[in-house]
Each structure stands twice: as structure tokens, then as C-alpha cells.
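S.K.: Give me coordinates for this.
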Amino acid sequence: MGPPPSDEVPFRCHLLSRFLVLGCVCLLWPASARAQLDTAMFHATLRGWAENEWLVVLDRNGATGGRTSDLGILQRFHDDIDNKYLLDLLSMQFNLVNEYAWYRREQGARWRAGSITKRDFATIAEVKAKVPLGDTWYMGVRFDQVEVPEASRNVVRVSFAHQLSQATSISAGTHLDHIKPGSDIEAGVTWRDNGGAEITAFVTVLDVFNNFIYVGLNAADQTPIDSTLEYETRPVALRTSAVIPIGGGVRLEAYGAVMRPSTILAYDGSDRNAGFRQEERFGYGGAMVEWAPSTALRTGAFVTYVRARSERTALSPEVDVDAYDLIETTTQLGGFVMARVGSRWLIENRFVHDWRPEQRTFSDPAQDDVDYELRTYRNRTALFYQAPGGFLADVAVLLDFGDIVRGAGQVPGDPRLPPGEGNTSRWIFDMGWRFGDRATVLIGAGWDAGFGWAWGGGRARLTAYW
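M.R.: Okay, here's the model as predicted:
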């Protein structure tokens, strides 16, 4: 991870984020210390970030351009992404308490959408259910739908678990892809105790039926299929997580996954010389520490890192292929503060610094290599209100500052302006209703204040549990 940008605007944002966090702590500490409330769901979590990164490698077929897209594995830069896209995603997020509550519940559905153009929403939907099959057996079903510029995903996962003891369970499952070669199988173990600690480890064999369908069944012999994908080295991934209460109001979360190097051949029909070879690596890691200085105050920090590498070479000298070595990384460093004031008010501040370098080295010296890095800073400060009758409302201000520190014009999308000229603040307002502990619905809109007031798009969020 490189040093933060040295230009004046991100430096001011760096100081602003600290000021907001310290201000929330100082102003709310007396009220939070007096508050008496149920703290079971009053936490933050990094699990949503880990789940999103896992879907990137689990469902490569859903990526823009398909399984072997030359946009790369992380798909961060292309023409459909503008310089407000990261701000749009931040606008549609659930608050930290709702995010934590979702991963504590075993059955439910949630959906969120936010404007990314005058015509289009980015939408993310999740459904999960747990069905008992006996005293110690149960089945889990999960569905994730993601419609964003980087991908169009419809991911169904089914698992069967057996409770070995009060603390330990084992499970096996599959990801079912409508493009059959993209289906995966996995097995793992979960350990959790009554004190809130949980450790998991899973092994996943990705695209398990790929060679059987493309090579064994000669899929390219069928008219609609014009190419063959064949693994020389099959992708296998190890994924793990840990949630550990340390004591003194401190919780630690850690998530990680690594896919061993794999090699896939993509060629025309059955001609193994008419195509390219692609070697791939992928991995991520993230950790969060949360501290509870009182029953109504939480603060913490997190760091995440994702790295993907794709190296493409021609299968024969006669084939015209853009051979390249692509390295994509994303590093985030951030923190949060959230405070409950009585039973009706919640104040939340979260901020993150982003480093997004990309290097693409072409084998052909006549082609221009890419050495690009985007650095951004984002901050969200929000006030949430819940009335006794169920009425909900929130107001938030979002800040997004960024700059291309090298390689301007080398990648499509996200055209950043010079420091201080392309920065944006957005005010968002939402209203909705809470139906007990069963469901919530929120709709709202935003206004951007970067160059005078301008429409900042609409958004909607809903959650239901059963």
C-alpha cells in the first residue's frame, strides 16, 4: 500500500475525517454513557465486503465480457463507470447496524438500488433460508442477484450441514450456475461458541464440470457454442474467517481467501492452436477491530486488500492475440464511529481511503503499457431516526474526493479532474417504515453540491426476516 496522496484536497479530507470522528465521540459520549439498550445487534461487520469479493471469483461467468474478459478479474475500470460511481454505491448502502443484523439472521431477504445514470439503477438482492432436516441436519439456500456495470450475477448456492457438537458443524454445498461449466462445489467446517466467537474454513473447487462439458462432451460441436474453455490447472480456493471477542469491549474480525494459480485455454472449436492461454491468481484479506467504550458507542478501524493477476499468451505464433500481464489491486484503509442517543436516534460516521493501481504490460512492444493509479477518499456522516410508531428517516452528507496520481487517460471510465475540481459532496434524505422486527422499507433521493446543487439520484432499500 502506497502513501496517501500528497495534494492539498485529499490532505484536507484526511483531517476532516478525523475531526468528524472525534467530534462524534466527544459530543455523544455523555448521552451514550447514560443510554440503556440492547447491544446484541449494535455492532459493525466486515463480512459484507468479504462476501462481495468472494462472488467476484465464484461467478466469473457473470462478469462483463464473460469468463475470460480482458477487463480483468476485478473489473474496476470501463466505459460504463463514471467519476461518481463510488459515491453512488456509498449512497445505497445499509447502515452499519442493519448490515450486522443481516448476517446475524439465518432467514431473510433484502434489496437495495441506487441511481448510477439517468436511466439505470445499480441493484443488489439477497435471499437466504435455513431448513431443518432432522435433529442435527439442515439445508441452507442462498440467492444473490447483482446488476452493476462490472457484472450481472444470479448466484444460487445450496448447502447441507451436520452439527457434530454444540460448537462444531461441517457442511458441503454447491454453486449452481446457469452456464453449467461455471458450477462449483465446496466443503468446510464452522466452529462457534456461546461467547460470540466463530471460525470457519472452506475449500472450493471452482468450475468443477468445465472440462467434462467442454472437452468430454465436446460442447463446441453444438451450434450455439463456438469456443472451448479447457483447464490445464483447475482453480481451487481456500476461504476462511474469524470473529473473536477479545475482551474489554474489543472485537476482531478477519477474512481471507486465496485461489491457487490456475491456467485456462480458450480456443476456437476443437482447434487448440487457435486461441490463448490465461494464467490467473486471486486473493483477498481484510481485518476489522471494533471497540465499545460504552453500551451505546462503537468505534473501529479496518484494512482490506484484494489482488488479481491475469497473464494472457497466444497458443501459437499465428494467432493474433493481445498478449499481456495484468495486475489489479485494491487497498482500503478506513474507520467508523456510531452512537445511539436514547432508543430513537443513531449517528454514524464512516470513512475510507482507497488505492486502486492497475498495471497492464503488453508482450508487443508496439502497444502502450498501462501504469495507472486512482486514489480516493470517501466519508459518510448520517443521522437516523426511528419513531415509536415505526416511521423511519435519515439524513446524510457524503464526501468523495479523488485523483489520478499516474496514468491519466490509460484506462476507460472514472475520468477524474485535477485536484479540487472533480470533488463532490452529496446530501441524501430517506424516509420509510419499520414493521416491528420483521421488515423495513426506505426510499430517498440525493442532491450533489460539487458545482451548485444538482440531482444526485434516487435510492431504495428494503429488508424482511422470517
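S.K.: Quickly find the element holding the residue nearest to the spatial centre of the chain.
M.R.: Taking C-alpha atoms, centre = their mean as the criterion, residue 52 is the residue nearest the geometric centre of the chain, at 3.3 Å. Taking DSSP states H and E as the criterion, the element that holds residue 52 is helix 47-58.
S.K.: In the stretch 51-200 of the chain, what residue spans correspond to helices?
M.R.: Taking DSSP state H, counting those that start in this stretch as the criterion, the stretch 51-200 of the chain carries its helices at 85-91, 96-104.
S.K.: Using TSV, lay out those helices together with mean neighbour count.
M.R.: Heads up, the C-betas are built off the backbone N, CA and C, glycines and all. Putting the helices of the stretch 51-200 of the chain into TSV (neighbours: other C-beta atoms under 10 Å) gives the following:
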stretch	mean neighbour count
helix 85-91	22
helix 96-104	18
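S.K.: and residue 282, which of those helices is closest to it?
M.R.: Proximity to residue 282 (C-beta to C-beta) singles out helix 85-91 among the helices of the stretch 51-200 of the chain, at 21.2 Å.
S.K.: What is that closest one packed up against?
M.R.: strand 108-115, strand 370-386, strand 391-406, strand 424-435, strand 454-465 (3 or more C-beta pairs under 8 Å, 6 or more residues apart in numbering; DSSP states H and E).
S.K.: Take these and lay them out in TSV including mean pLDDT and distance to residue 83.
M.R.: Below are those laid out as TSV (pLDDT from 0 to 100; distance: least, C-beta to C-beta, whole Å):
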stretch	mean pLDDT	distance to residue 83
strand 108-115	97	15
strand 370-386	96	10
strand 391-406	94	7
strand 424-435	94	8
strand 454-465	93	13
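S.K.: Which of the ones you listed sits closest to residue 58?
M.R.: That would be strand 108-115 among the helices and strands packed on helix 85-91, by C-beta to C-beta, at 19.3 Å.
S.K.: and residue 178, how many residues sit next to it?
M.R.: 11 (other C-beta atoms under 10 Å).
S.K.: As PDB, could you dump the C-alpha coordinates of the helix holding residue 52?
M.R.: Provided in PDB are the C-alpha atoms of helix 47-58 (Å, rounded to 0.1, in the frame of the first residue of the first chain):
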ATOM      1  CA  ARG A  47     -18.400  -9.700   6.300                       C
ATOM      2  CA  GLY A  48     -20.400  -7.900   3.600                       C
ATOM      3  CA  TRP A  49     -17.100  -6.800   2.000                       C
ATOM      4  CA  ALA A  50     -15.700 -10.300   2.100                       C
ATOM      5  CA  GLU A  51     -18.900 -11.800   0.600                       C
ATOM      6  CA  ASN A  52     -18.800  -9.300  -2.300                       C
ATOM      7  CA  GLU A  53     -15.200 -10.100  -3.100                       C
ATOM      8  CA  TRP A  54     -15.900 -13.900  -2.900                       C
ATOM      9  CA  LEU A  55     -18.700 -13.500  -5.500                       C
ATOM     10  CA  VAL A  56     -16.200 -11.900  -7.900                       C
ATOM     11  CA  VAL A  57     -14.200 -15.200  -8.200                       C
ATOM     12  CA  LEU A  58     -17.100 -17.500  -7.600                       C
END
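S.K.: Contacts for it next, please.
M.R.: 63, 73-75, 99, 102-103, 144, 146, 151, 153, 155, 175, 184, 204, 206, 235, 237, 239, 241, 253, 255, 257, 259, 282, 284, 286, 304, 306 (C-beta atoms under 8 Å, 6 or more residues apart in numbering).
S.K.: so where's this structure uncertain?
M.R.: 1-39, 417-423, 450-452 (pLDDT under 70).
S.K.: The closest residue to residue 189 other than its chain neighbours bridge partners, please.
M.R.: Computed as C-beta to C-beta, 6 or more residues apart in numbering, the closest residue to residue 189 that is not its neighbour in sequence is residue 170, at 5.2 Å. Bridge pairing for residue 170 (DSSP bridges) gives the partners residue 162, residue 189.
S.K.: Relative to residue 103, how far out is residue 163?
M.R.: 20 Å (C-beta to C-beta, to the nearest Å).
S.K.: residues touching the closest residue to residue 44 other than its chain neighbours, list them.
M.R.: Sequence neighbours aside, residue 96 is the residue nearest to residue 44 in space, at 4.3 Å (criterion: C-beta to C-beta, 6+ apart). By C-beta under 8 Å, 6+ apart, the residues touching residue 96 are 43, 44, 45, 336, 338, 348, 350.
S.K.: try 7 Å this time
M.R.: Neighbouring residues of residue 96 by C-beta atoms under 7 Å, 6 or more residues apart in numbering: 44, 336, 338, 348, 350.
S.K.: how much space between it and residue 347?
M.R.: With C-beta to C-beta as the criterion, residue 96 and residue 347 are 11 Å apart.
S.K.: what sits in contact with each of the two?
M.R.: Common neighbours of residue 96 and residue 347 (C-beta under 7 Å, 6+ apart) are residue 338.
S.K.: ok so, going back, tell me which of the helices and strands packed on helix 85-91 approaches residue 318 most closely.
M.R.: Comparing those by C-beta to C-beta, strand 370-386 comes nearest, at 26.3 Å.
S.K.: re the thing from before, buried only: go through the contacts of helix 47-58 for me.
M.R.: 63, 73-75, 99, 102, 144, 146, 151, 153, 155, 175, 184, 204, 206, 235, 237, 239, 241, 253, 255, 257, 259, 282, 284, 286, 304, 306 (16 or more other C-beta atoms under 10 Å).
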